[in-house]
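**Q** Predicted coordinates and the sequence they were generated for:
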Amino acid sequence: MATQKFYLALDLKDDANLIAEYKELHENVWPEIKKSIQDSGIEVLDIYCTGNRLFMIIEADADFTFEKKDKADAENEKVQEWETLMWKFQQALPWAKPGQKWILMDKIFGL
């Protein structure tokens, strides 16, 4: 059972054809990518899109950390290939650090 939740944001390039292609790729995510996500302790990963803005919701087990996921991804050739392909469609948010993609969002309200 997931014990951690994370919410992240990223933009796509504002191009209808690229956005359509990005969505199509995510209908058939490579099996190696799905495995790397599950192996990291992520139990649920959902991506939502509005216009060219993406929102990702992650539910992960208690042992999950972004540091461990980043290290495993850096050592996984197929993940690196996928991430390189994704940069064709993605653009960093204006406040992102160089090379940073998905930005962790801060919760500012709850009910």
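**A** That came through, no problem.
**Q** in this structure, which spans are helices?
**A** With DSSP state H as the criterion, the chain has helices at 16-27, 31-39, 66-74, 77-86.
**Q** buried sites along the last one?
**A** Of the residues in helix 77-86, those scored as buried under the neighbour-count criterion (16 or more other C-beta atoms under 10 Å) are 79, 82, 86. Yep, even glycine has a C-beta here, placed from its N, CA and C like the rest.
**Q** Now do the contacts for the second one.
**A** What that stands for is Trp82. Contacts here follow C-beta atoms under 8 Å, 6 or more residues apart in numbering; on that basis Trp82 touches 30, 32-33.
**Q** Could you export those residues as a markdown table, including neighbour count, pLDDT and distance to Glu67?
**A** Formatted as a markdown table, those follow (neighbours: other C-beta atoms under 10 Å; pLDDT from 0 to 100; distance: C-beta to C-beta, whole Å):
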| residue | neighbour count | pLDDT | distance to Glu67 |
| --- | --- | --- | --- |
| Trp30 | 14 | 97 | 23 |
| Glu32 | 14 | 97 | 21 |
| Ile33 | 18 | 98 | 19 |
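**Q** about what we covered before: can you put the helices of the chain in JSON lines and add distance to Met56?
**A** Below are the helices of the chain laid out as JSON lines (distance: least, C-beta to C-beta, whole Å):
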{"stretch": "helix 16-27", "distance to Met56": "11"}
{"stretch": "helix 31-39", "distance to Met56": "11"}
{"stretch": "helix 66-74", "distance to Met56": "12"}
{"stretch": "helix 77-86", "distance to Met56": "12"}
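**Q** What pLDDT is listed against Glu27?
**A** We have a pLDDT of 97 for Glu27.
**Q** and it, how many neighbours?
**A** 6 (other C-beta atoms under 10 Å).
**Q** Quick check: it vs Phe55, distance?
**A** 18 Å (C-beta to C-beta, to the nearest Å).
**Q** Repeat that for Ala72.
**A** Taking C-beta to C-beta, one finds Ala72 at 23 Å from Phe55.
**Q** Equivalent analysis for His26, please.
**A** 13 Å.
**Q** Show me the common contact partners of the two, please.
**A** Common neighbours of His26 and Phe55 (C-beta under 8 Å, 6+ apart) are Ile47.
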